[in-house]
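Novice: After the sequence you'll find the predicted model.
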Amino acid sequence: MSSVPAKKSATAWYDSPLYYDMVYADYTPKETRFIEGIMQRHGPKLTGPMRVLEPACGSGRLLESLSARGHVVHGFDLNKHQIAFAKHRLKEKKLQGRVWRDRLQDFSVPKGAKFDVAHCFVSTFKYIDTEAGALSSLRRMAAVLRPGGLLLIGIHLTDYKNCPPDHERSIGRKPGVRVVSDTWSEPANQKSRTEAMRTRMRITEKGKTRIEETCWDFRTYSPAEVRALLAKVPALKRVAMHDFHYDLESTRKLNLEYSDIIFVLRKS
Ligand SMILES: C[S@@+](CC[C@H](N)C(=O)[O-])C[C@H]1O[C@@H](n2cnc3c(N)ncnc32)[C@H](O)[C@@H]1O
């Protein structure tokens, strides 16, 4: 076994879609069930397959699982490696889906396309680094939803008074490959509304180990900051909140009791 010094980058784990995908794979079935369940509970009545948009779709793990269940999937992402991976996996499994390159802040969808649901989980929305960008993104998501359609956004909330450094570990495995992913977050800076993040992937493949590090800043959101942002998009009404356990029976309040929150927003 050999180990090389970490290669640091702002995108490393997205430039290696397979390893990113392995680390998140365990979440995919429960997120898929959650999207379907929340639509039955709060979404519009469907007369055909569910039309799903995934802004920042990454490796396409949810595009694949939802398409395999008969839904019509569209997704975009900024990272070309993730897009290529997502397209390839759909093609390989003979599944339908449209994937293109775009930004959360100023994306557009194919002409005339309307969606029953859009979802953006695992704090991805926090990559948008300005209030204007976040607002533009929410307005665009609202605009492409049909009336009564749902927007599901999952973000980690910040308690500025109590945000010690944090660490999470996930492990992904497939034959011949093992990935140990450690993510650290630094205490949030309330003034700049940023938290420094670092993910270190230890990849063991064909008897060799290498390390890739990704460093980036997330934009932070306290409950009050989320309320203020949502108040500027009246077309989206908050109808429920859950947590990252994706349990339909467990709802949450918008406070600091629990930090990993999924907002269920309905387009009026
Ligand atoms: C944590 S991953 C989530 C991917 C996918 N939604 C999932 O749940 O597996 C975040 C993704 O956001 C993409 N991303 C980051 N900033 C973006 C932006 N401004 N516009 C579009 N995509 C962005 C990254 O390339 C990455 O694929």
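Specialist: Cool, the structure landed.

Novice: Only C-alpha atoms from now on, for both contacts and neighbour counts.
Specialist: Noted.

Novice: how about Val144, phi and psi?
Specialist: With angles defined as degrees, to the nearest 10, Val144 sits at phi -100, psi 0.

Novice: excluding its backbone neighbours, what's nearest it?
Specialist: Excluding the flanking residues, the one nearest Val144 by C-alpha to C-alpha, 6 or more residues apart in numbering is Lys114, at 5.1 Å.

Novice: And Ser181, by the same measure?
Specialist: Met201 (4.5 Å).

Novice: do the same with Ser250
Specialist: Using C-alpha to C-alpha, 6+ apart, the nearest residue to Ser250 is His242, at 6.3 Å.

Novice: start to end distance for stretch 180-191?
Specialist: Chord length of stretch 180-191, first to last residue, is 33 Å (C-alpha to C-alpha, to the nearest Å).

Novice: Run the chain-centre distance for it.
Specialist: How far stretch 180-191 lies from its chain's middle: 17 Å, per C-alpha atoms, centre = their mean, to the nearest Å.

Novice: do stretch 85-96 as well
Specialist: For stretch 85-96, the distance to the chain centre is 19 Å (C-alpha atoms, centre = their mean).

Novice: switch to numbering from 15
Specialist: Okay, residue one is now 15; in that scheme the one you just asked about reads as stretch 99-110.

Novice: Now do the buried residues in that stretch.
Specialist: Residues of stretch 99-110 classed as buried by neighbour count (16 or more other C-alpha atoms under 10 Å): 99-101, 103-104, 109-110.

Novice: Those: which ones sit near the ligand?
Specialist: With the criterion set as C-alpha under 6 Å from any ligand atom, no member of the buried residues of stretch 99-110 is near the ligand.

Novice: Of those residues, which belong to helices?
Specialist: Residues of the buried residues of stretch 99-110 located in helices (DSSP state H): 99-101, 103-104.

Novice: Around Asp120, count how many other residues there are.
Specialist: Counted with other C-alpha atoms under 10 Å, the neighbours of Asp120 add up to 12.

Novice: pLDDT below threshold where in this protein?
Specialist: Applying pLDDT under 70 to the chain flags the ranges 15-22.

Novice: 80 instead, please
Specialist: Scanning the chain for pLDDT under 80 picks out the ranges 15-26.

Novice: Can you tell me the centre-most residue of it?
Specialist: Nearest to the mean C-alpha position of the chain, counting by C-alpha atoms, centre = their mean, stands Phe135 at 3.1 Å.

Novice: so how far is Arg187 from the closest residue to it other than its chain neighbours?
Specialist: Of all residues not flanking Phe135 in the chain, Gly168 sits nearest, at 4.3 Å (C-alpha to C-alpha, 6+ apart). Using C-alpha to C-alpha, we find Gly168 at a distance of 25 Å from Arg187.

Novice: Now do Gly62: how many residues are near it, please.
Specialist: The burial count for Gly62: 9, using other C-alpha under 10 Å.

Novice: do Asn203 as well
Specialist: 15.

Novice: go on, Pro63?
Specialist: Pro63 has 13 neighbouring residues, counting by other C-alpha under 10 Å.
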